[in-house]
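> any chance you can model this:
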Amino acid sequence: MSAVRVAVVDDHPVFRLGMAALLRSLDGIEVTVEAASAQEALAAIGDGVDVVVMDLHLGGDSGVEVTRELVRRRPDLRVLVVTMLEDDESVVASVRAGARGYLLKGATPGEMERAIRAVANGEVILGPQVAARAMTYLSGARTAGAVPFPELTDREREVLDLVARGYDNATISRRLVLSPKTVRNHVAKVLTKLNLPDRSAAILRARESGLGQD
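Okay, here's the model as predicted:
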């Protein structure tokens, strides 16, 4: 049986080197790529990788966006997010981008090994710390009734919801693990699709439709 070929993408050298060393010590796992940035990851990850261990914060770039682009290029690629972030938005954004697993950086070596082998086999895995919260979030989404603004994508609706809560683009960028430029683009698309003149009008329209509320 061939080894699972892994890429480790993390901008913190101590964590990246430590993770690579751990994985190289395991039977049947081969580290073929180490990347410290979005640019390095997109340039280096190709057909010689089966699983990507992906951090969500890559300097000024977003691991969610890198995940989305990698999976777009190679739908068979398995991405395992390993991050410090355990909020619902980060989990859901990662899964929507195509990630097959989500672990916190406090995971044990055994949990890490099991997760890599699981996603390599086509399974979806969430670490125990985030699984219960993610299920609650998704269950609530399923039972919430009609979706406001069906002309918007899920991501655009998420951005509009945060705009309606009064968050600025920098805060939305941090919460959704997106670059500020991407957030600006989403806001512009929302205004265009809803035929709204400005951000204030978007806030008013969104709140009238039930967004921006706890």
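
> got the residue ranges for the helices in this protein?
Using DSSP state H, the helices of the chain run over 13-24, 38-44, 63-73, 88-97, 109-120, 128-142, 154-164, 169-176, 180-193, 199-208.

> against R157, how distant is E208?
Relative to R157, E208 is positioned 15 Å away (Cβ to Cβ, to the nearest Å). Where C-beta positions appear, they are placed from N, C-alpha and C, glycine not excepted.

> the closest residue to R175 other than its chain neighbours and R155, how far apart?
Distance criterion Cβ to Cβ, 6 or more residues apart in numbering; nearest residue to R175, sequence neighbours excluded, is E89 at 5.5 Å. Using Cβ to Cβ, one obtains 11 Å as the distance from E89 to R155.

> P150: neighbour count?
7 (other Cβ atoms under 10 Å).

> now this protein, which segments are flagged as low pLDDT?
1, 128-146, 214 (pLDDT under 70).

> circling back to that earlier point, which neighbours do E89 and R155 have in common?
Residues touching both E89 and R155 (Cβ atoms under 8 Å, 6 or more residues apart in numbering) are L176.

> how about the contacts made by R157?
V147, P148, F149, L211.

> if any of those are buried, put those into a PyMOL selection.
A single PyMOL command selects the buried members of the contacts of R157 (16 or more other Cβ atoms under 10 Å):
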select buried, resi 148+149+211
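
> what's the farthest-apart pair in the contacts of R157?
V147 and L211 (10.4 Å; Cβ to Cβ).

> which residues touch the most centrally placed residue in the chain?
In the chain, the centroid-proximal residue (Cα atoms, centre = their mean) is S94; its distance is 2.4 Å. S94 is in contact with L56, G63, V64, T67, V81, Y102, V177, counting by Cβ under 8 Å, 6+ apart.

> any idea which of the residues you listed is closest to D10?
Of the contacts of S94, the one sitting nearest to D10 (Cβ to Cβ) turns out to be G63, at 8.8 Å.

> what's the distance between the closest one and I29?
From G63 to I29 the distance is 21 Å (Cβ to Cβ).

> domain boundaries for this structure, per the record?
4-139, 154-208 (automatic domain parsing).

> burial of P109, as a residue count?
Residue neighbour count, defined by other Cβ under 10 Å, stands at 12 for P109.

> any idea how many residues pack against the residue lying closest to it once chain neighbours are set aside?
Distance criterion Cβ to Cβ, 6+ apart; nearest residue to P109, sequence neighbours excluded, is L22 at 5.7 Å. When counting by other Cβ under 10 Å, one arrives at 15 neighbours for L22.

> do you know how far L22 is from S37?
21 Å.

> OK, contacts around the closest residue to G59 other than its chain neighbours?
Closest residue to G59 apart from its sequence neighbours, by Cβ to Cβ, 6+ apart: D11 at 5.1 Å. Taking Cβ under 8 Å, 6+ apart as the criterion, D11 is in contact with A36, S37, D55, H57, L58, G59.
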